[in-house]
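> fold the following.
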Amino acid sequence: MTQQHPDLADEQAFIDHAYDCLEASRDAAWRLRDLNEADLGGTFQARFERNAFDEALLKRLADLDLGDAALVFGRIDRYAESPDALESFHIGRLAVADAESEPVVVDWRAPVAEPFYRATGREPMGLARRRHFAVEGRTLLGIEDELFGEGHLGLGHDEGLAGDAPVLRGYSTLIASLERGRTGTLGDIVATIQAEQDEIIRSPQAGVLVVQGGPGTGKTVVALHRAAYLLYTHRFPLEDQGVLVIGPNRVFLRYIERVLPSLGEAGVDQVVLTDLVPDVRFGGVDTPLAARVKGDTRMSAVIDRAVTDRERPLRDDLVVPFRSGYVRLRAGESARIVQAARRRFRRHNAARKWVEGEVWAAMAATWREGDATAGEVKAAVRSVVEVREALERMWPVLTPAELLHDLFGSPALLRLAGRSVLDEHEIEALHRPRSAHVDEVRWTTADAALLDDAREVLGPRPRRDGKIDEADEIRTYGHIVIDEVQDLTPMQLRMATRRSLNGSMTVVGDIAQATGPLAPSSWDDVVAHLPDRKPARVIGLSVGYRIPAQIMELANRVMEAATPGLRAPTSVRVGVTGPEVRAVDDVLAGAVAAVRELTGHLPAGSVAVVCPDRMADAVSGALASAGIEHGRAAVAGLDADVTVVPVSVVKGLELDGVVVVEPGDIADDETLGLRALYVALTRSTQRLTVVHARPLPTPLRPA
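Residues are numbered from 1 along each chain as shown. Below you'll find the predicted structure:
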């Protein structure tokens, strides 16, 4: 790449013109909004239409606000009607037109932009030239051209490479982007999307798309760009149906939070699974056995039985005063009502009003004079304590939290619901001391899927008028993205599936990095619990862009021991130095020294200290004692230059420099510890230092 390209001045002038057109569009949108706000009267319909128009304008203004992101990052020249006639399109972050509505910049998601990402020397897709811009804000720093057609292979760093070397486009621009220092949030790759990534981004919406990608392949950012592409391509109805992004933890969500807004899509819900469960508080911790049991699909049968066990006929007849005598609900009649309600209603809470009506009718039928109606009996006896207790025994209205609070707090109820489904050890693992009130419970992460399953079985609580509040129903989405999907349990996968409106999902992960309580051995284990309206498609990302080859070589030794037979991605970068494995007497002092060295080598970069969860406080204390300012990932994400990151939340993050502390403890402490160590070793984009006082795990020992 050179700054002396002969077209540099002309392209800079074009970029300046594009920004002028963008600013004019913003000014026009503001003027329209001002006109809309000036008229506040009119009918309800008129006000509704004004509000809808105003919302659309606000979205348009948000789309036009790029911040520091580059508007234009490339250009394609393609053959028009004859080989001698060329037409040019500048490719950018969003579409921009001039005052005559003529296109100035083409949105990267538009069909005409596809050759910018997909064309190769062998399949030029009608291109004569592809041009990549190195841009800093509005300033064009350099130009890289790839030529196609006779006499040109369109190489750059493309298929002219020998053997199994990856096919890359815009090599210099790509490498410059990869070697740029990391910030506390993930950036988009809209200017440097590679062909195998673009194939995923533009693949059809329908069905489940599984993306297998090793560390550094860009699977997360590809999934987010796919969400942006689908919203552009299927704006109606997908914008109304909604798009949901599910991440593994809040550190990760904070890390990716700017990607979609930078692509002009700010209305996407980004959550962790616990966010989807209302009206409860989380913070509890499960034993490893309890977490495995709660993730197993057998728990769905346990919950069904727990609900059925709460639908109970009376043991004895209920006799209550009425007028000058008594009315009666016979035990046998209560059994008939319960059985009939089970047959008639799919969800438990929806049957309560019907059960009450049948009780009033059955009691009225026992009035000796035969002239009492069900309504009269209801008015007379519904406030009687014994009647309320009988209804609560026969058919209580339950929230998911109430159901599971009662279940987990009672060994007897657990044995009743778990009989012939769970063994005795598994039932004992689910039991926990009962809190004085359900609101005091701190639920665990694994409980979220169980609460959600119970919510589906129970249904919303009916209002006083007997109707169901639609706001209490589980919301569905037109497309769902799940990151680090390999760590979700079958029950959690079912929880995500429950929110799919049409079976459209993009799920991304890496089997080699699976560290959850029920880690899958293949993608079949995952797909089995996802929507099956169409056969799932599995696409692999084979190129590692982020991690230098020397670091990947070390990490691959761990991967081969943890998951034999899986293929590692091919790295396209060679780092300035290889990873350093350092034996020390004091691991905390060694970590401090390693941090000082990395911050010296990477003065503008980000550094993480990845350690076993139980060591995070000690590592933070050592850094503080040494006068090193730092952050804690669980508190502030990656906002600080140096961050202490427990290994349990490091997945999906990327830093310029990484210090991995005591790999032996990571391998021993974590579930599937070698896989967790593999994750820790593959977070760095430039430098890696491993510090240990105890013996190294076997894969890291010198040959």
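> identify the residue nearest the geometric centre of this protein.
Centroid check for the chain by C-alpha atoms, centre = their mean gives I246 as the closest residue, at 2.1 Å.
> just the pLDDT for the nearest residue to that one once chain neighbours are set aside.
Using C-beta to C-beta, 6 or more residues apart in numbering and skipping the chain neighbours, the partner closest in space to I246 is I482 (4.7 Å). No exception for glycine: its C-beta is placed from N, CA and C like everyone else's. Here, the pLDDT recorded for I482 equals 98.
> likewise R60?
Looking at R60, its pLDDT is 60.
> also G163?
G163 carries a pLDDT score of 45 in this model.
> pLDDT (mean, whole number) over the top helix by length along the chain?
Using DSSP state H to define each element, the chain has its longest helix at helix 8-38. The average pLDDT for helix 8-38 rounds to 83.
> what's that helix packed up against?
Identification of packing neighbours for helix 8-38 by 3 or more C-beta pairs under 8 Å, 6 or more residues apart in numbering; DSSP states H and E yields helix 44-63, strand 72-79, strand 86-92, strand 96-97, strand 103-107, strand 127-136, strand 139-147.
> centre of the chain to that helix, how far?
Averaged C-alpha coordinates place helix 8-38 at 34 Å from its chain's average position (C-alpha atoms, centre = their mean, to the nearest Å).
> again with stretch 294-309
Stretch 294-309 sits 26 Å away from the centroid of its parent chain (C-alpha atoms, centre = their mean).
> can you pull the buried residues of that stretch?
Residues of stretch 294-309 classed as buried: K294, G295, D296, M299, S300, V302, I303, D304, R305, A306, V307 (neighbour count, 16 or more other C-beta atoms under 10 Å).
> check stretch 240-260 too.
By 16+ other C-beta under 10 Å, the buried positions in stretch 240-260 come out as 241-256, 258-260.
> same thing with stretch 440-449?
Neighbour-count burial for stretch 440-449, counted by 16+ other C-beta under 10 Å, picks out V441, W443, T444, T445, A446, D447, A448, A449.
> straight-line length of that stretch, end to end?
Counting by C-alpha to C-alpha, to the nearest Å, the length from the leading to the trailing residue of stretch 440-449 is 19 Å.
> hmm, back to that, any idea what the residue nearest to the centre of the chain is bridged to?
Beta-bridge partners for I246, by DSSP bridges, are V271, I482.
> residue contacts, it?
By C-beta atoms under 8 Å, 6 or more residues apart in numbering, I246 lies in contact with V271, V272, L273, I480, V481, I482, D483, A496.
> hmm, try it at 10 Å
I246 makes contact with 253, 269-273, 275-276, 480-485, 488, 492, 495-496, 499, 505, 507, according to C-beta atoms under 10 Å, 6 or more residues apart in numbering.
> just the buried residues of those residues.
Neighbour-count burial (16+ other C-beta under 10 Å) is assigned, among the contacts of I246, to 253, 270, 272-273, 276, 480-485, 488, 492, 495-496, 499, 505, 507.
> so which of the residues you listed belong to helices?
Counting by DSSP H, these place L253, Q492, M495, A496 in helices.
> surely the first one touches G247?
It refers to L253. Yes: L253 lies in contact with G247 (C-beta atoms under 10 Å); the separation is 4.6 Å.
> name the SS class of P321, please.
strand (DSSP: H, G, I helix; E, B strand; the rest coil).
> output the below-cut-off pLDDT ranges for the stretch 601-703 of the chain.
Low-confidence segments of the stretch 601-703 of the chain, defined by pLDDT under 70, span residues 670-671.
> mind listing the helices for it?
For the stretch 601-703 of the chain, the helices defined by DSSP state H, counting those that start in this stretch cover 616-625, 633-636, 663-669, 673-681.
> now, of those helices, which is deepest in the fold?
Stretch with highest mean neighbour count among those: helix 673-681 (a mean of 27; mean count of other C-beta atoms under 10 Å).
> which other helices and strands does it contact?
helix 549-562, strand 607-611, strand 655-661, helix 663-669, strand 684-692 (3 or more C-beta pairs under 10 Å, 6 or more residues apart in numbering; DSSP states H and E).
> from the middle of its chain, how far away would the longest one be?
Read that as helix 549-562. Taking C-alpha atoms, centre = their mean, the mean C-alpha location of helix 549-562 is offset from the chain mean by 26 Å.
> so for the helix or strand following it, what's the average pLDDT?
Sequence-wise, the next helix or strand downstream of helix 549-562 (DSSP states H and E) is strand 570-571. For strand 570-571, mean pLDDT rounds to 88.
> same for strand 570-571, what does it pack against?
Strand 570-571 is packed against strand 543-544, helix 549-562, with contacts defined by 3+ C-beta pairs under 10 Å, 6+ apart.
> touching, E376 and A361? I think so.
No: look at E376 against A361 with C-beta under 10 Å: they stay out of range, at 11.3 Å.
> got a list of what the closest residue to P531 other than its chain neighbours touches?
Among residues not flanking P531 along the chain, G503 sits closest, at 3.5 Å (C-beta to C-beta, 6+ apart). Applying C-beta under 10 Å, 6+ apart to G503 gives the contacts 205-208, 479-480, 497, 530-534, 536.
> Provide a ChimeraX selection command restricted to the buried entries of those residues.
In ChimeraX, this line selects whichever of the contacts of G503 come out buried by 16+ other C-beta under 10 Å:
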select :205,207,208,479,480,497,530,531,536
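> F322: which of the contacts of G503 is nearest?
T497 (49.7 Å; C-beta to C-beta).
> so what's that closest one up against?
Contacts of T497 (C-beta under 10 Å, 6+ apart): V208, I480, G503, M505, H529, L530, P531, D532.
> turn those into CSV, columns for distance to R573 and secondary structure.
Shown next, in CSV, are those (distance: C-beta to C-beta, whole Å; DSSP: H, G, I helix; E, B strand; the rest coil):
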residue, distance to R573, secondary structure
V208, 32, strand
I480, 32, strand
G503, 38, coil
M505, 31, strand
H529, 36, coil
L530, 34, coil
P531, 37, coil
D532, 39, coil
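> alright, that wraps it up for me.
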